[in-house]
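J.: coords please:
(chains A and B)
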Protein chains: 2
Amino acid sequence: MAQHNAFYAQSGGVTAVINASACGVIEACRRHPEQIGKVYAGHNGIIGALTEDLIDVSRESDETIAALRHTPAGAFGSCRYKLKDIETHRAQYERLIEVFKAHDIRYFFYNGGGDSADTCLKVSQLSEKLGYPLTAIHVPKTVDNDLPITDNSPGFGSVAKYIATSTLEASLDIASMCATSTKVFVLEVMGRHAGWIAAAGALAGEGEGEPPHLVIFPEVAFDRAAAMARVEESVRQYGYCVIVVSEGARYEDGTFLADSGNTDAFGHRQLGGVAPTLAGMIKQDLGYKYHWAVADYLQRAARHLASKTDVDQAYAVGEKAVELALAGQNAQMPAIMRTGDAPYGWTVEAAPLAEVANREKFMPRDFIREDGFGITEACRRYLSPLIQGEDFPPFENGLPKVAKLAKHRVERRLPEFKI
Amino acid sequence: MAQHNAFYAQSGGVTAVINASACGVIEACRRHPEQIGKVYAGHNGIIGALTEDLIDVSRESDETIAALRHTPAGAFGSCRYKLKDIETHRAQYERLIEVFKAHDIRYFFYNGGGDSADTCLKVSQLSEKLGYPLTAIHVPKTVDNDLPITDNSPGFGSVAKYIATSTLEASLDIASMCATSTKVFVLEVMGRHAGWIAAAGALAGEGEGEPPHLVIFPEVAFDRAAAMARVEESVRQYGYCVIVVSEGARYEDGTFLADSGNTDAFGHRQLGGVAPTLAGMIKQDLGYKYHWAVADYLQRAARHLASKTDVDQAYAVGEKAVELALAGQNAQMPAIMRTGDAPYGWTVEAAPLAEVANREKFMPRDFIREDGFGITEACRRYLSPLIQGEDFPPFENGLPKVAKLAKHRVERRLPEFKI
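T.: Residues are numbered from 1 along each chain as shown, chains lettered A, B, ... in the order given. Below is the predicted model of the structure:
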């Protein structure tokens, strides 16, 4: 097999372990010098490919690449940019081919979530529809855990561990204070459409009365009266109430509890502020003193508290992507397959990208408790393995040590292209 | 020396390491059985003493007490309750004497911040003013780092490490996203009057252009035009802007940027929401897409990321408190004295409580950069040693393991007392 170059890029919201996948891809490529020459990373995702803004990863040392495993966020820059379809936006695809030809790129690894899977699927059609010999593999990543087929999405396990731990810690705090001060604590977590992250908060407690006392999911229409009754009951019975609420919490009619009115580049509404909204309701209806926190980027960037299971899986899907590419498996995604709950086991298998793109996986109804405010045993069995194990990064001078990439740019060979 | 019992209680807002101080006090007491019989913990601070609601700590195992060292928040319950002065509220002090007599308590350890130091000082006057032989020692604690005399306050170093780490991690996240998405990230941190915690955020970066690009202190009057100019410059120059803002940020006239209108039991105004307020201003004035986080209790409960220096100091002041008590040093506080910056060194020395109570230590002006938006080298030299070292708790089933106290109550010997 002749030697060609590979392209790797990161897309969509980043995670604590997306760079661990980058590490998996790059290290696997380095183990196959007979087939893969250089790895070029797209600066800011697919935009790097379109604008020929390429980082020469082969000029980074093995130590730097290894350090990606414990570096949060997207080391090569990510993007929120979705390719339109080939038929109506042919120029973009022809440009991609020009760039790939100019740099002898035959392997394409795109590391992202649902929207990015769609982009990767479109790129994978270059070979069939436009005759350019490219093998495109999607490397899964999303804190939202909403990708189909794969048992879970790399990035989710670490957020889950962070939210469960933070819920546990903050619950101990409020339990200490509730006699004379704060009675209610509200933690807002990510999850626009799927309540997976909110569900992870429930791992903080298990026994009767253990916090969190309410979990509020986007999947269950918010019923103010029912929620307030639960808050009051919890304060009366346990002295305090801890609530984990998803940013996507909404009313029966679909209106979000907190809607900032802004939209992102994909047209998704930008949410935020459900915690203060809910806390305000509680103050108004019940009069309790409250505190609230919005974890926002802190939760998905918290590499210092990553789940070892998640880090291992993120690396493994990166590695597997290269294996699939070398086997010529175009338009595939390495998916995590669960082989058992206790003991937990997993493997990585190829899944057709066409079945992944543009499909969201919601919480199954039997993962949410009958009353809508907690998780079931089935959900706990699913979630618990994903937060197992610690993988603390090295620290230097009191702070986590992160990879410092040189990011040498590849010399441009083509005219400028405006996107 | 005859054997008498000791009373220990926690007061005010809790921290990630106040239980490490409890551990220091209790383990030190256990090493002196000839002088100290039982340790009784007040359930919910001084309220436990007034209402004779005492936890018999002698019935907790050595393992459980050792586990307090890595358990966040206040294991015995804290309170926001300040004693009035002896002259006008004599009944409360007479009640304290009754309770102490009934349970042969001669040592009083009160673990708290500035307001609690005042309570401890008043209790210390029992011996002089009301003739009851009590030795009262204040064990310092506050995330706000605003206690005088002591070089730093136990609890602060761990918040500082958490905020510096979170700022670093979230900054990597936004740096990844800024090409096509979020341009500004605002992290709101605690610190009503003193900007110590906000200053700690600045430890995340050091070199030119490294985030955070703005730190907003309560000590510097907020100038919207100047702040917006800095945000714009940062986005233009680096592509994004990271801001760490103190909850106590205020305008020239003293108005807080975000004032919820509520007050706590000490009459302090309850703040919250400066991050969304500031983000809204940025959207309005500059139009940038933003994200914001409010760390709230997460920051002070984050034992999973405690500073080892802080844990060691929290334990040491607890130990020293017992030593001072046994030496009959009434109305003292063990204070941390810095013996050097590099290498960092510290000892614990007695400080008169009268000089501690009701005095707040603000950031010295020469710790804040001339332009008001960052810290100086002097501040960095002061802060950096406080976040050094990690002291990860043991984990079990993916979550931090915490002490589970039996909390056996001491049998009541007195009639009920209403507070």
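
J.: Grab the nearest non-local neighbour of the residue lying farthest from the centre of chain A.
T.: Here chain A reaches farthest from its C-alpha mean at A:Thr180, the gap being 39.2 Å by CA atoms, centre = their mean. Once flanking residues are discounted, A:Thr180 sits nearest to B:Cys79: 4.5 Å by CB to CB, 6 or more residues apart in numbering or on different chains. For every residue, glycine as well, the C-beta is placed using N, CA and C.

J.: Up against chain B, what does the stretch 201-350 of chain A have?
T.: A:203-204, A:262, A:264-265, A:270, A:272-273, A:275-276, A:283, A:289, A:291-298, A:300-305, A:307 (CB under 8 Å from any CB of the partner chain).

J.: got it, and the stretch 51-200 of chain A?
T.: A:71-75, A:77-81, A:161, A:164-166, A:168-170, A:172-177, A:179-181, A:185, A:187.

J.: Show the buried residues in the residues you listed.
T.: The neighbour count (16 or more other CB atoms under 10 Å in any protein chain shown) marks A:71-75, A:77-81, A:161, A:164-166, A:168-170, A:172-177, A:179-181, A:185, A:187 as buried among those.

J.: Of those, which belong to strands?
T.: Taking DSSP state E, the ones among those that sit in strands are A:185, A:187.

J.: So which of the residues of the stretch 51-200 of chain A next to chain B are in helices?
T.: Among these, DSSP state H puts A:161, A:164-166, A:168-170, A:172-177 in helices.

J.: how about the helices in the stretch 1-150 of chain A?
T.: Secondary structure of the stretch 1-150 of chain A (DSSP state H, counting those that start in this stretch): helices at A:18-30, A:46-50, A:62-67, A:90-102, A:114-130.

J.: So which elements touch the second one?
T.: Think helix A:46-50. Helices and strands touching helix A:46-50, by 3 or more CB pairs under 8 Å, 6 or more residues apart in numbering or on different chains; DSSP states H and E, are strand A:4-10, strand A:36-42, helix A:90-102.

J.: Nearest approach to B:His89 belongs to which of the ones you listed?
T.: Across the helices and strands packed on helix A:46-50, B:His89 has its closest neighbour in strand A:4-10 (63.2 Å, CB to CB).

J.: on contacts alone, who are the packing partners of that closest one?
T.: Looks like strand A:4-10 contacts helix A:18-30, strand A:36-42, helix A:46-50, strand A:105-112 (3+ CB pairs under 8 Å, 6+ apart).

J.: got those as JSON lines, with mean pLDDT and mean neighbour count columns?
T.: Converted to JSON lines, these look like this (pLDDT from 0 to 100; neighbours: other CB atoms under 10 Å in any protein chain shown):
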{"stretch": "helix A:18-30", "mean pLDDT": "98", "mean neighbour count": "27"}
{"stretch": "strand A:36-42", "mean pLDDT": "98", "mean neighbour count": "25"}
{"stretch": "helix A:46-50", "mean pLDDT": "97", "mean neighbour count": "24"}
{"stretch": "strand A:105-112", "mean pLDDT": "98", "mean neighbour count": "27"}
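
J.: B:Gly45: which of the ones you listed is closest?
T.: The closest of the helices and strands packed on strand A:4-10 to B:Gly45 is helix A:18-30. By CB to CB, the value is 44.7 Å.

J.: Quick one: residues in contact with the closest one.
T.: A:6, A:8, A:10, A:36, A:39, A:41, A:57, A:62, A:65-66, A:68-76, A:78, A:107, A:109, A:111, A:139, A:141, A:154-155, A:311, A:314-323, A:403 (CB atoms under 8 Å, 6 or more residues apart in numbering or on different chains).

J.: Now do the residue nearest to A:Thr277 when sequence neighbours are not counted, the pLDDT please.
T.: Excluding its sequence neighbours, the residue lying closest to A:Thr277 (CB to CB, 6+ apart) is A:Ala258, at 4.5 Å. You'll see A:Ala258 listed with a pLDDT of 78.

J.: cool, A:Gly273 as well?
T.: For A:Gly273, pLDDT reads 86.

J.: where's the nearest residue to it once chain neighbours are set aside relative to A:Lys289, distance?
T.: In space, and not counting its chain neighbours, A:Gly273 is closest to A:Ala258: 4.0 Å by CB to CB, 6+ apart. Using CB to CB, to the nearest Å, A:Ala258 is found at 21 Å from A:Lys289.

J.: Same question for A:Thr150.
T.: 43 Å.

J.: What are the boundaries of the helices in the stretch 301-419 of chain A?
T.: Residue ranges of the helices in the stretch 301-419 of chain A, as given by DSSP H, counting those that start in this stretch, are A:308-326, A:377-383.

J.: how about a markdown table for these, with mean pLDDT added?
T.: Shown next, in a markdown table, are the helices of the stretch 301-419 of chain A (pLDDT from 0 to 100):
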| stretch | mean pLDDT |
| --- | --- |
| helix A:308-326 | 98 |
| helix A:377-383 | 98 |
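
J.: Please identify the most buried of the ones you listed.
T.: helix A:308-326 (a mean of 24; mean count of other CB atoms under 10 Å in any protein chain shown).

J.: helices and strands around it, which ones?
T.: Using 3+ CB pairs under 8 Å, 6+ apart as the test, helix A:308-326 ends up in contact with helix A:18-30, strand A:105-112, strand A:135-140, helix A:156-177, strand A:332-341, strand A:344-352.

J.: Kindly reformat these as JSON lines containing distance to B:Ala229.
T.: Below are those laid out as JSON lines (distance: least, CB to CB, whole Å):
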{"stretch": "helix A:18-30", "distance to B:Ala229": "34"}
{"stretch": "strand A:105-112", "distance to B:Ala229": "35"}
{"stretch": "strand A:135-140", "distance to B:Ala229": "41"}
{"stretch": "helix A:156-177", "distance to B:Ala229": "35"}
{"stretch": "strand A:332-341", "distance to B:Ala229": "46"}
{"stretch": "strand A:344-352", "distance to B:Ala229": "50"}
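
J.: And the strands in the stretch 201-350 of chain A?
T.: Along the stretch 201-350 of chain A, the stretches classed as strands by DSSP state E, counting those that start in this stretch are A:214-216, A:241-246, A:259-263, A:269-271, A:290-294, A:332-341, A:344-352.

J.: Mean neighbour count added to these, as a markdown table?
T.: Shown next, in a markdown table, are the strands of the stretch 201-350 of chain A (neighbours: other CB atoms under 10 Å in any protein chain shown):
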| stretch | mean neighbour count |
| --- | --- |
| strand A:214-216 | 26 |
| strand A:241-246 | 30 |
| strand A:259-263 | 12 |
| strand A:269-271 | 18 |
| strand A:290-294 | 26 |
| strand A:332-341 | 19 |
| strand A:344-352 | 16 |
